[in-house]
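Student: this is the structure alone, sequence omitted:
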């Protein structure tokens, strides 16, 4: 089966529910339903009461959509898969850090640092856009 290319997520700090629906191809009512079903999907509500999705929320929606529609998971199965993915992500940095302490896998350590620096740079640019 051919991989479906994920949509390019614009470089913005927040997205409204309509923006997320358009980006992901998921109706707003489905997004609201998924918020109740998946604890990983947690958009904040602004002072005007509108949902404010962050980039990680949009990525989570795309992952949920992939699991449900492409992989054929049930909602409980997709929920479990997201929890397992989250656990793996939390453990991975510890392993890389430990490997770096003993001189193992130096390439992965520097790659992780450059990814972290890139992420910090993006976040600082988002803050600067907000301040302008």
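Tutor: Sure thing, it's come through. It should be emphasised that the depicted structure is a prediction, and the values quoted were computed from it without experimental measurement. Numbering: from 1, shown residues only.

Student: off-centre distance for the helix or strand encompassing residue 113?
Tutor: Element membership of residue 113 [criterion: DSSP states H and E] is helix 106-131. From the chain centre to the centre of helix 106-131 is a distance of 15 Å (CA atoms, centre = their mean, to the nearest Å).

Student: likewise for stretch 69-87?
Tutor: 14 Å.

Student: check which residues of that stretch are buried.
Tutor: By neighbour count, and taking 16 or more other CB atoms under 10 Å as the criterion, the buried residues in stretch 69-87 are 73, 78, 79, 81, 82. Heads up, the C-betas are built off the backbone N, CA and C, glycines and all.

Student: contact partners for the fourth one?
Tutor: With contact set as CB atoms under 8 Å, 6 or more residues apart in numbering, residue 81 has these partners: 67, 73.

Student: rerun at 6 Å
Tutor: Under the criterion of CB atoms under 6 Å, 6 or more residues apart in numbering, the contact list for residue 81 reads residue 67.
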